[in-house]
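In: using only what follows, build the 3D model:
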Amino acid sequence: GEKTVIITSDITRPMPSRVVLPPVIEEILKAGLKYEDITVVFALGSHRKHTEEEKKYLVGDEIYEKVRCVDSDASDCVHLGTTSYGTPVDVFSVVANADRRICLGNIEYHYFAGYSGGVKAIMPGVSTREAIQENHSNMVKDAACAGALDDNPVRLDIEEVVNFVPVDFIVNVVLDESKKIIKAVAGHHKLAHREGCKFL
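Out: Numbering: from 1, shown residues only. From the prediction side, this is the model:
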């Protein structure tokens, strides 16, 4: 009966959601949840909305038929607090009000957040434009560069978001140059993410 959201990337990212989602949903169903307890949320950040065809393409026909699939909506957010960097934690209501949150994503170098993946699914993924701009304003600092994690103000700010909106589990993948999965990591939002970054 717990409302569970699975947050995954939008169509601008190479994340193969249609490959990763089925085993994740299978595990959730084994744990006793029903299809109607699950919502897949596409993390749009500040990107445009999807067409229904694009949503179906991203998750595959079977999941699209059985699971509610929605775009995040920056105009429907809940204010949960403010990070120590001054970033408002304004999160899409469906994600904010869920009992469980699972983040999917792919890990690649990111020119100012260090790496993609981890809780980037929440911030900027399902956050307001104002929150995204405040977080991204740290990109001018020297430590905000590709491959930097532990002293990167953009990444550290992103990871503070879990103090306000806990992430229960992540599944992140590393892709090769032909977009095939060559590594998958799962578990704690930070520890599993760091393992994936090490592999990359």
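
In: list the contacts of the longest helix belonging to the chain.
Out: Once the chain is assigned using DSSP state H, the helix that runs over the most residues is helix 17-30. For helix 17-30, contacts defined as CB atoms under 8 Å, 6 or more residues apart in numbering pick out 4, 6, 8-9, 35, 37-38, 40, 57-60, 62-63, 67, 102, 104, 171, 173, 181, 184. To be clear about C-beta, it is placed using only N, CA and C from the backbone, and glycine gets the same treatment.

In: swap in stretch 143-154?
Out: With CB under 8 Å, 6+ apart, stretch 143-154 has contacts from 85, 109-115, 135-136, 138-139, 141, 155-156, 194, 197.

In: circling back: give the rounded mean pLDDT of the longest helix of the chain.
Out: When pLDDT is averaged over helix 17-30, the result is 97.

In: where do the strands sit along this structure?
Out: Applying DSSP state E to the chain gives strands spanning 4-9, 38-43, 68-71, 77-82, 88-92, 100-106, 109-110, 114-115, 169-175, 181-187.

In: helices or strands up against the fifth one?
Out: The reference is to strand 88-92. strand 77-82, helix 129-136 (3 or more CB pairs under 8 Å, 6 or more residues apart in numbering; DSSP states H and E).

In: same list (the ones you listed) but as TSV, adding mean pLDDT.
Out: Output for the helices and strands packed on strand 88-92, formatted as TSV (pLDDT from 0 to 100):
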stretch	mean pLDDT
strand 77-82	98
helix 129-136	96
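
In: residues in contact with His79?
Out: Contacts of His79 by CB under 8 Å, 6+ apart are Pro88, Val89, Asp90.

In: before we move on, back to that, can you tell me which of the contacts of helix 17-30 are buried?
Out: 4, 6, 8-9, 37-38, 40, 58-59, 63, 67, 102, 104, 171, 173, 184 (16 or more other CB atoms under 10 Å).

In: ok, those residues vs Pro124, which is closest?
Out: Comparing the buried ones among the contacts of helix 17-30 against Pro124 with CB to CB picks out Ser9 as the nearest, at 11.6 Å.

In: distance of the most far-flung residue of the chain relative to its centre from Ala148?
Out: Distance from the C-alpha centroid of the chain peaks at Asp142, with 25.2 Å (CA atoms, centre = their mean). Distance, Asp142 to Ala148, by CB to CB, to the nearest Å: 9 Å.

In: got it, and Leu175?
Out: If you go by CB to CB, the gap between Leu175 and Ala148 works out to 21 Å.

In: same check, this time on Ile170
Out: 20 Å.

In: now Arg129
Out: Applying CB to CB to Arg129 and Ala148 gives a distance of 25 Å.

In: who has more neighbours, those two?
Out: Ala148 (18 against 13; other CB atoms under 10 Å).

In: many thanks, have a good one.
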